[in-house]
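In: the sequence and its predicted three-dimensional model are supplied below.
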Amino acid sequence: MQKELLNWYRANKRDLPWRKNRDAYRIWISEVMLQQTTVAAVVPYYEKFMKRFPKVQDLAKATEPEVLEMWAGLGYYSRARNIHKAAKQISTQGFPQTAEELLELPGFGPYTSRAVASLSYNEKVGVLDGNVIRVLSRVHGLKLNWWLPKERIQLQSLSDQLAQTEYNSEINQGMMELGATVCTPKKPLCLLCPWKTQCVALKKNIVDQLPLSKPKQDGEIWHWQMQIYTHKNKIYLEKNEATPFLPHMMFPIGKAEKAKKKPSKFDIKHSVTKYDIYINLKTSNKAPKLAKTNWFDVNDIKKINHSSLMTKILKKLEQLDKI
Ligand code: SF4
């Protein structure tokens with residue numbers, strides 16, 4: 001299986017900017033960005049980020065708003081904050097070279113740690129992301145509840161077995177590439193697959209049943225009452241501590257609570273992961289005593305908070321003629 005995959009990967013791999021060398025910093029940033037969206041969407045963000053922060057030391061020296069500005073549009077801003085924290089540690093202590101040590105860094109989970117250890121430092125560890133889970137479940141015909149840690153271990157062990165070669169980096173990238181381009185969630189291109197002769201799911205005609213679908217997480221409804229204070233083209237913002245989503249980002253002050261049903265009236269609807277958020281805006285240009293430093297010029301707000309929710313709030317305020 002290793003040989004077939006390697007031959008296929010070497011002949012079919014896409015030319016991507018993070019594959020130019022095996023630099024751990026470049027690979028790490030690409031892997032985190034790829035957890036957010038597709039390869040095609042990541043490439044321009046990646047190139048812009050690398051131009052602004054070519055070395056881990058450049059990233060470590062930057063301020064948090066500068067890092068968030070380069071991350072704007074990718075979402076999941078807590079990942080950008082963790083990257084920044086980890087860069088500070090790496091720039092003083094050096095890059096750890098094993099998956100076990102990498103796991104100690106902020107934001108490094110099992111997948112990122114293994115990907116960096118193998119792709120940069122040739123450690124014989126297998127990666128397990130959505131693509132690899134799909135490929136391995138199908139090729140071995142495994143009906144596993146892969147979202148449960150005790151069942152996921154079986155897939156991790158199969159991935160680790162495949163990585164027991166000096167070519168572990170290409171094996172890992174090959175499996176991810178196969179999942180992204182051939183063994184796709186819908187309509188996989190089995191005729192082009194290097195493992196088509198031994199694929200159990202293909203033999204049993206159960207490709208479309210694997211991997212098993214993860215049960216849907218129960219969603220949560222939230223009501224968020226925002227009090228918008230404006231004064232001379234400025235808006236008052238504070239760090240959001242009111243909700244479990246979008247934590248520590250600068251938003252207008254207000255109250256938020258979990259609710260049983262959606263409100264009959266609301267100004268903005270927004271969704272973040274499992275949260276459906278309904279926002280009501282109350283505006284006033286007469287502010288009570290508020291911290292002097294928390295007033296921000298309307299034109300600068302996108303630099304302070306890049307989230308799509310803040311963009312919706314500004315748009316709504318424009319429509320209401322409040323800014
Ligand atoms: S033969 Fe088809 S289902 Fe099996 S691993 Fe290859 S692409 Fe996936």
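Out: Cool, the structure landed.
In: when you work out contacts or count neighbours from here on, use the C-alpha atoms and nothing else.
Out: OK.
In: got the residues of the stretch 1-150 of the chain near the ligand?
Out: 135, 138-139 (C-alpha under 6 Å from any ligand atom).
In: now do the domain split for this protein, please.
Out: 2-209, 220-319 (automatic domain parsing).
In: pretty sure Ile304 is touching Met250, no?
Out: Yes - counting by C-alpha atoms under 8 Å, Ile304 touches Met250, with 7.1 Å between them.
In: what about stretch 93-107, average pLDDT?
Out: Average pLDDT, stretch 93-107: 96.
In: likewise stretch 147-160?
Out: 96.
In: distance from it to the middle of the chain?
Out: Its chain's C-alpha centre and that of stretch 147-160 lie 21 Å apart, by C-alpha atoms, centre = their mean, to the nearest Å.
In: do the same with stretch 173-188
Out: On C-alpha atoms, centre = their mean, the centre of stretch 173-188 falls 19 Å from the chain's centre.
In: and the host helix or strand of Glu170, average pLDDT?
Out: Using DSSP states H and E, Glu170 maps to helix 168-181. Average pLDDT, helix 168-181: 97.
In: could you do stretch 194-203 as well?
Out: Mean predicted confidence for stretch 194-203 is 98.
In: do it and the ligand come into contact?
Out: Yes - using C-alpha under 6 Å from any ligand atom, stretch 194-203 reaches the ligand at 195-196, 199, 201-202.
In: of the residues of the stretch 1-150 of the chain next to the ligand - the most surrounded one?
Out: Val135 (26 neighbours; other C-alpha atoms under 10 Å).
In: so that residue, which of the three states?
Out: helix (DSSP: H, G, I helix; E, B strand; the rest coil).
In: that one and Glu177 touch, don't they?
Out: No - in this structure, Val135 is not within contact of Glu177 by C-alpha under 8 Å, at 10.1 Å.
In: could you dump the residues of stretch 194-203 next to the ligand into JSON lines with neighbour count, distance to Met33 and secondary structure added?
Out: Listed next are the residues of stretch 194-203 next to the ligand as JSON lines, based on neighbours: other C-alpha atoms under 10 Å; distance: C-alpha to C-alpha, whole Å; DSSP: H, G, I helix; E, B strand; the rest coil:
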{"residue": "Trp195", "neighbour count": "18", "distance to Met33": "29", "secondary structure": "coil"}
{"residue": "Lys196", "neighbour count": "15", "distance to Met33": "31", "secondary structure": "coil"}
{"residue": "Cys199", "neighbour count": "21", "distance to Met33": "31", "secondary structure": "coil"}
{"residue": "Ala201", "neighbour count": "22", "distance to Met33": "31", "secondary structure": "helix"}
{"residue": "Leu202", "neighbour count": "18", "distance to Met33": "32", "secondary structure": "helix"}
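In: okay then, goodbye and thanks.
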